[in-house]
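below: sequence and its predicted model.
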Amino acid sequence: MTSSAQAPVLVAEDDHDVRALVAFTLRRAGYDVVTAHDGRTAVEHLDNTQFGLAVLDVNMPGANGFAVCEHIRSQSRMPVIMLSARDSDRDIVHAFDIGADDYVTKPFNLTTLVARVKALLQRSAEALASAIGTDIERGPLSHDTPDLDPPTPIPPLDRAALEHDYAMAGGGGSECPGASPPRRGRSLSTMTKPMTATASSTTR
């Protein structure tokens with residue numbers, strides 16, 4: 001499990017099933033998660049909560065993922081992962097140009113996504129520790145850098161267990177209150193590779 005003091009992860013995705021499953025998987029891996037169903041809600045969360053990382057779908061109503069990423073970069077250097085079926089070089093380059101740290105295309109593997117989140121959070125923590133150490137060295141007194149909780153390895157995700165827990169939770173039990181119920185006919189297996197839901201029928 002991750003440290004209880006760790007800032008939450010923001011997952012902004014307008015597709016209910018993708019949003020619920022990503023949030024569910026990250027929570028199972030030990031992260032606190034806050035979800036948003038559109039870009040406007042994501043910005044409201046960002047203005048009121050200090051997050052450790054954001055996962056942003058590119059095509060969202062209200063404000064797209066690129067706009068939300070630019071909003072983040074106007075006030076923070078926290079890691080940002082873009083999530084989209086749009087895999088053109090132009091979109092990917094644009095994402096990095098505006099400050100995204102990673103770009104994941106649909107269909108995607110849940111275990112890989114969790115690994116990317118873990119790596120970016122660990123890198124961010126190390127950068128913060130380095131910055132704190134540099135500031136202390138430049139100060140009038142000599143102090144040790146404050147201890148940070150060591151990163152805890154995330155155990156491999158058990159797909160069968162995820163399928164069972166997700167089904168027991170009604171497919172959306174990890175969602176915020178008031179979220180619409182998941183559509184019938186979709187299971188965990190459709191959201192991991194090969195994950196054709198939403199990504200194959202439309203460009204997101």
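Great, that's in hand. Just so we're clear, the structure is a prediction, and the values are computed from it rather than from any experiment.

which residues of this structure fall in helices?
Counting by DSSP state H, one finds helices in the chain at the ranges 16-28, 39-48, 65-73, 89-97, 110-138, 159-168, 188-191.

what about this structure, any weak spots by pLDDT?
Along the chain, the parts satisfying pLDDT under 70 run over 1-5, 133-204.

which ones are touching Leu56?
Residues in contact with Leu56 (C-beta atoms under 8 Å, 6 or more residues apart in numbering) are 10, 12-13, 42, 65, 68-69, 80-83. Glycine gets a C-beta too; all of them are placed from N, C-alpha and C.

can we see that at 6 Å?
With contact set as C-beta atoms under 6 Å, 6 or more residues apart in numbering, Leu56 has these partners: 12, 65, 68-69, 82.

identify the bridge partners of it.
Ala12, Met82 (DSSP bridges).

Ala54: which of the helices of the chain is closest?
helix 65-73 (6.2 Å; C-beta to C-beta).

helices or strands up against that closest one?
Here helix 65-73 touches helix 39-48, strand 53-57, strand 80-84, going by 3 or more C-beta pairs under 6 Å, 6 or more residues apart in numbering; DSSP states H and E.

would you mind pulling the contact partners of that helix?
39, 42-43, 56-58, 80, 82, 98-100.

output it as PDB, restricted to C-alpha atoms.
Extracted in PDB, the C-alpha atoms of helix 65-73 (Å, rounded to 0.1, in the frame of the first residue of the first chain):
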ATOM      1  CA  GLY A  65      -7.500  17.000 -21.600                       C
ATOM      2  CA  PHE A  66      -5.000  19.300 -23.300                       C
ATOM      3  CA  ALA A  67      -6.700  22.300 -21.800                       C
ATOM      4  CA  VAL A  68      -6.800  20.700 -18.300                       C
ATOM      5  CA  CYS A  69      -3.100  19.800 -18.700                       C
ATOM      6  CA  GLU A  70      -2.300  23.500 -19.500                       C
ATOM      7  CA  HIS A  71      -4.300  24.500 -16.500                       C
ATOM      8  CA  ILE A  72      -2.200  22.200 -14.300                       C
ATOM      9  CA  ARG A  73       1.100  23.500 -15.800                       C
END
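
and that helix with strand 80-84, angle?
Relative orientation of helix 65-73 and strand 80-84, computed by axes from the mean of the first three to the mean of the last three C-alpha atoms, to 10 degrees: 170 degrees.

not counting its neighbours along the chain, what's nearest Glu44?
Ala36 (7.9 Å; C-beta to C-beta, 6 or more residues apart in numbering).

isn't the one you found right up against Ala42?
Yes: here Ala36 reaches Ala42: they are 3.9 Å apart, a contact under C-beta atoms under 6 Å.

between the two, what contacts are shared?
With contacts defined as C-beta under 6 Å, 6+ apart, the residues shared by Ala36 and Ala42 are Ala12.
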